[in-house]
Every structure is written in C-alpha cells, then in structure tokens.
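> sequence plus predicted model, see below.
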Amino acid sequence: MTETKRSTIQTVINACVISLTVFAGSVHANDEIAQKAQLDMQAKKITNAFATELKTTLMAAVAKGGLSAGVEVCQEQAPEIAKKYSSHGWQISRTSLKTRNSQNTPNIDEIAILQDFAKRLASGEPAKTVFYSNLNPQSGEYQFMKAIPTGQVCLACHGENISDDLKAKIRAHYPKDTATGFKLGELRGAFKVYFNASNVQ
C-alpha cells in the first residue's frame, strides 16, 4: 500500500470518528432537551396545583373571617400546602424581591431571575409565559421559577392602601414584612420548584 493511500484511508477514518462523535453529542443533547421538557411539564403541573389549592384556601378563609384570616392562612397553611406538593425529589415554595416571610428570601441567582421577570411583565409579556427553567446534566439538578403577578385580590394585603388594622395584623405575624406597595400587574414574586433525582425516595 502506498503512502498516499495510507494517508487517504487515515483521513477517511478520522472523518468517520469525528462524525460519530458529533452524532453522539447530538443524540445526547436531544436526550437532555427531551428530559428538560418533561421536567418543565411536571414543574408546571405541580405549580398550578399548589397555586390553585393555596388560592382556594385563602379565598375561603377571607370569605369566612375577613382579610385578617387570610393573613393567618398565609402564615400557617401555605407552608403546609407547599409540603404536600414537595415529594419524590420535588420541592416547591415561593420567593419575592420584597418578602413577607423572611424565610422566602431569594438567593443571588433568584434575585437576577426575579428582576428579569419584573422587566418582562413591565414590557407587557403575559404572566403565563414568564418563567425560567434550567437543568444541570452533570448533577441532575433542575430549577423552575414562574412569575406571580400582583392581582386585584392581592392589593388589599400587599398594595399601597392597607388599612391600619390589617397592617397591625400583618406586623404581628410578620415583623420583618417588606411585601407592600405593589401595584396591579407588577411582579409580586414567583413560585420556585427544585428537583434532584438523587433525592427521590
């Protein structure tokens, strides 16, 4: 076999190896995209279920005992409802740039995401499309956040014109409260969901 033929064969082999490597990487990337899409779907399902139950519980309490009762529900029952939907490796909670419960204070990465959410809502993007998700393929850690806009019902306890009696009730339950002064449609906060397969029991 001549040196020229050897060189040609080696070039073809090298090209095949490169093609296979690229193909394998493409298949792996497609697997990750599919996995993330499934996680996004599950995270949205958990978020919607949690949000629906929390709102239903809150509205029932307000209808029965007024806004003060709503404050108590947020403090006592909201964490329990979150626990109900936090299982099999999933964890759900809420956060905000201005928190009522200091335990919901966002970390530095979440602050950046919330700030982006606020800009997107202010620009007119529909709240239902304002979300963020990320999957780390190495660690298997997944993060999802969905914006919570300030609705009309939120303003009584989080708006600019809160009654003195309600302010006192809020201070009694949340001494470090900063979650007031919101306007209709502004970012109130976000649901945040975390998942790690290693935590599945």
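Alright, I've got the coordinates. Numbering: from 1, shown residues only.
> what segments of this protein are strands?
90-95, 131-135, 141-149, 187-196 (DSSP state E).
> now for these, which one comes closest to E32?
Of all the strands of the chain, strand 131-135 sits nearest to E32, with 6.7 Å by Cβ to Cβ. Backbone N, C-alpha and C define where each C-beta goes, glycine included.
> distance check, P149 against C157.
The gap separating P149 from C157 is 15 Å, by Cβ to Cβ, to the nearest Å.
> helices along this protein, start to end?
3-65, 67-84, 108-122, 155-158, 164-173 (DSSP state H).
> pick out the shakiest of those, pLDDT-wise.
Note on these: helix 3-65 shows the lowest mean pLDDT, a mean of 70.
> mean neighbour count added to the helices of the chain, as JSON lines?
Below are the helices of the chain laid out as JSON lines (neighbours: other Cβ atoms under 10 Å):
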{"stretch": "helix 3-65", "mean neighbour count": "13"}
{"stretch": "helix 67-84", "mean neighbour count": "16"}
{"stretch": "helix 108-122", "mean neighbour count": "16"}
{"stretch": "helix 155-158", "mean neighbour count": "20"}
{"stretch": "helix 164-173", "mean neighbour count": "14"}
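> now the ones you listed in JSON lines, with distance to T99?
Shown next, in JSON lines, are these (distance: least, Cβ to Cβ, whole Å):
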{"stretch": "helix 3-65", "distance to T99": "16"}
{"stretch": "helix 67-84", "distance to T99": "12"}
{"stretch": "helix 108-122", "distance to T99": "11"}
{"stretch": "helix 155-158", "distance to T99": "11"}
{"stretch": "helix 164-173", "distance to T99": "12"}
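> for the closest residue to Q35 other than its chain neighbours, name its beta-bridge partners.
Distance criterion Cβ to Cβ, 6 or more residues apart in numbering; nearest residue to Q35, sequence neighbours excluded, is L135 at 6.7 Å. Assessed by DSSP bridges, L135 has beta-bridge partners Y142.
> ok, L135 - how many residues close by?
19 (other Cβ atoms under 10 Å).
> ok, now how distant is it from Q115?
22 Å.
> measure the residue nearest to Q35 to K98 for me?
29 Å.
> same check, this time on K192
15 Å.
> look at these two and report which has more neighbours.
K192 (23 against 15).
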